[in-house]
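# Next come a sequence and a model predicted from it.
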Amino acid sequence: MLLTPLSARTSPHLGKTKLTQYSLLQVYLLTNTMDTKHPVSVLVWNCNGISGKRHQLELVLDQHKPDLFALTETKLIGSMLDKEICDNYTLYRLDRVNSSGRGGGVLIGVCDTSNILVNKITPEEKGEILSLDLSIGGFSFSFTVYYRRPAINSIDDFLTWHRNQTSCNQLIVGDFNLPDIDWSKGQLKRRLNPNMHETFLNFVEASDLEQFVDFPTHTHGNTLDLVLSNLDLSNPISEPSCSDHHVLLFDLFSEHPISHSINNNNTTPFWNFKKANIPEIMIDCYDIETKISQQVKVGAPVNTVWETFKSSILSSASKNIPSKRRKPTPSPWMSKSTEREVNRRKRWHKTSKIHNTAENREKVSKQSKLCDKLINRDYNAFINNHICS
C-alpha cells in the first residue's frame, strides 16, 4: 500500500478529529507491515558426561527454558532412555559407538510445547555431527551440533560434511576444540598444529557463515565452543557450569513467531513409598535376581542385562508402589539456602559481564564452586532420603 504524505491529503473539509484518525491509521499500517523479529532461545553446553550431571541439566533447563539446546561429549550408551536424561524435550542423539573409543556423543533437544517442527534428521556416520532440518511456521533452517575429538588432528570430517549441505539457513554449534584461534582478533595464536587451525579459519572467512563467540568458553581460558551461522543471532553470553566448559546462551531471530502450548499431560510419576507393598517387592526382587543370574551365566550382553534389570524394576514399582501425576515443582530437591546462593551467583555473574574486573571474576568463580557443592549435596541427600526412608 502506498501512503501519500499526510499534508497532501489535508483539506479545509478535514477536521482535527479526522486528521488525528488519519495519523493513527498511517502509524498503524506502517508498524504492522514492518518485519518483526521473533527470538528463539538456544542453549549450548559441553557437559563432559551427562549421566552424572542430569540434575544440573534439569536446573539449567528450568532456569533458562530454551526452545532448543545442544550437548556435546554426552558420553551416553544406547540403553539409557531419553526420559532418564530430561523431561519436556524431545531428544535426538548420536551416541559414540565402542569402536570409536570412550566418551564423545552429541545430542539436540527440542522443546515439546513449542511449534518447532522437525522435518529431517541427518546423523553423519564419519564424524560426530548431528543435523536437524527445522521449521517455525514458514521459516526453515538447519540446526547442527558438532564435536571434534582432540586426538584427531584434522577438521576434514566437518569440512566434508559442510560441502554436501544444501540448506540455505544454517545454525552450527558445538565443541570444535580449536584453541589456537583468537576469535576476538580473527587470527591464529601460532602455537600447536597451525595447519588445521588455519584451514578452519580460512573456511569461515570464505563461507557465508559468521562465528559469534569471541570470549573464553573453557576454564583454561580457551574458546573451544563455537556458534556459526548465516542467520540473525543475538551475541552469545556464557555462564559457568559444573563442567569444564561454560554454558552458552543466545537467541536466534525467526521470521515467524514461536509459540508454546500448555502441556497438562505430566508423565512423571510421584511415588508414595510409605504405602508400598514391600513383601511383593521383595518377591519380585528375588525373581529379578534369578533372571539376571541366568542371563549372566549364558553370557548375555551387558546392555541386555541392564535392560532386563531396569524394565523389571519399573514393572514391579508400577504394580506395588502407589503413584500419582502432578505438576512437579522446579528442582524440588534444592534447599532454600542453596537457591539463595544460586541467585547470588546469577547476580554476580551479571555484574561481572558489565564490570569485567579480576575481582568480580574471582567472586563468580568461588561462588560457582560453592553452588556446585551445595547442589550436589542437596541432590544426593534427596536421593538417599527416598531410598533409605
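Cool, the structure landed.

# Retrieve the pLDDT associated with N265.
For N265, the pLDDT comes out at 53.

# Could I get the full set of strands for the stretch 201-350 of the chain?
210-211, 225-229, 237-239, 247-254, 269-271, 323-325 (DSSP state E, counting those that start in this stretch).

# Let me know which of those is the nearest to E362.
Closest to E362 of these is strand 237-239 (C-beta to C-beta; 16.3 Å). In this view, the C-beta of every residue, glycine as well, is placed from N, C-alpha and C.

# Packing partners of the closest one?
Under the contact criterion of 3 or more C-beta pairs under 8 Å, 6 or more residues apart in numbering; DSSP states H and E, strand 237-239 touches strand 247-254.

# which strands and helices sit next to the strand it packs on?
Here strand 247-254 touches strand 38-46, strand 225-229, strand 237-239, going by 3+ C-beta pairs under 8 Å, 6+ apart.

# Number of residues surrounding N202?
Other residues within reach of N202, judged by other C-beta atoms under 10 Å, total 10.

# Tell me what L228 is bridged to.
I172, Q211 (DSSP bridges).

# show me where pLDDT drops low in the chain?
The model of the chain has pLDDT under 70 over residues 1-37, 98-102, 190-193, 262-269, 325-332, 386-389.

# Return the list of helices and strands in contact with the longest helix anywhere in it.
Longest helix in the chain, counting residues (DSSP state H): helix 358-388. In terms of contacts (3+ C-beta pairs under 8 Å, 6+ apart), helix 358-388 is packed against helix 54-64, helix 336-354.

# Deepest-packed of the strands of the stretch 201-350 of the chain, please.
Counting by mean count of other C-beta atoms under 10 Å, strand 225-229 has the highest mean neighbour count of these, with a mean of 24.

# which residues sit against that strand?
44, 46, 72, 170-176, 178, 183, 204, 209-213, 217-218, 233, 236, 245-246, 248, 250, 252 (C-beta atoms under 8 Å, 6 or more residues apart in numbering).

# swap the cut-off to 6 Å and go again
For strand 225-229, contacts defined as C-beta atoms under 6 Å, 6 or more residues apart in numbering pick out 46, 171-173, 175-176, 209, 211-213, 217, 236, 248.

# circling back to that earlier point, out of the strands of the stretch 201-350 of the chain, flag the one nearest W306.
So among the strands of the stretch 201-350 of the chain, strand 269-271 is nearest, using C-beta to C-beta, at 20.8 Å.

# Which helix or which strand is home to the residue nearest to T90 when sequence neighbours are not counted?
The spatial neighbour of T90 that comes closest, neighbours along the chain excluded (C-beta to C-beta, 6 or more residues apart in numbering), is V110 at 5.0 Å. Assigned by DSSP states H and E, V110 belongs to strand 106-111.

# Identify the residues contacting that strand?
For strand 106-111, the surrounding residues in contact (C-beta under 6 Å, 6+ apart) are 67, 69-72, 74, 89-94, 116, 128, 130, 132, 145, 147.

# Just after that strand, pick out the following helix or strand.
Next along from strand 106-111, by DSSP H and E: strand 116-124.

# which one of the helices and strands packed on strand 247-254 lies closest to M282?
strand 38-46 (41.2 Å).

# helices and strands around that closest one, which ones?
strand 68-72, strand 247-254 (3 or more C-beta pairs under 6 Å, 6 or more residues apart in numbering; DSSP states H and E).

# so which of these gets nearest T199?
The closest of the helices and strands packed on strand 38-46 to T199 is strand 68-72. By C-beta to C-beta, the value is 20.8 Å.

# which helices and strands sit right next to the closest one?
Here strand 68-72 touches strand 38-46, strand 106-111, strand 170-175, going by 3+ C-beta pairs under 6 Å, 6+ apart.

# Who does the second one pair with, and is each partner parallel or antiparallel?
Sheet neighbours of strand 106-111, with direction, are listed as strand 68-72 (antiparallel), strand 89-94 (antiparallel) (DSSP bridges).

# Please render those as JSON lines that adds mean neighbour count to the earlier fields.
Below are those laid out as JSON lines (neighbours: other C-beta atoms under 10 Å):
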{"stretch": "strand 68-72", "mean neighbour count": "27"}
{"stretch": "strand 89-94", "mean neighbour count": "19"}
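
# Those strands: which one's closest to K319?
Nearest to K319, of all the strands paired with strand 106-111, is strand 89-94, at 28.0 Å by C-beta to C-beta.

# So D244 sits against T219, correct?
Yes - contact criterion C-beta atoms under 6 Å: D244 and T219 qualify, at 5.0 Å.

# Now the most centrally placed residue in the chain: closest residue in space, sequence neighbours ignored.
Taking C-alpha atoms, centre = their mean, the centroid of the chain lies closest to F69, which sits 2.3 Å from it. Leaving aside its sequence neighbours, F69 sits nearest to L43 (C-beta to C-beta, 6+ apart; 4.1 Å).

# Distance of the one you found relative to D67?
L43 sits at a distance of 9 Å from D67 (criterion: C-beta to C-beta, to the nearest Å).

# next one: T223
According to C-beta to C-beta, T223 and D67 sit 25 Å apart.

# Provide the partner residues of the nearest residue to D232 once chain neighbours are set aside in its beta bridges.
Computed as C-beta to C-beta, 6+ apart, the closest residue to D232 that is not its neighbour in sequence is F253, at 4.2 Å. According to DSSP bridges, the partner residues bridging F253 are P39.

# Check E128 too.
Beta-bridge pairing for E128 (DSSP bridges): Y147.

# That one reaches V145, doesn't it?
No - using C-beta under 6 Å, E128 makes no contact with V145, being 8.5 Å away.

# From L43, how far out is the closest residue to F212 other than its chain neighbours?
Leaving out its chain neighbours, the residue that sits closest to F212 by C-beta to C-beta, 6+ apart is V227, at 4.4 Å. Using C-beta to C-beta, we find V227 at a distance of 11 Å from L43.
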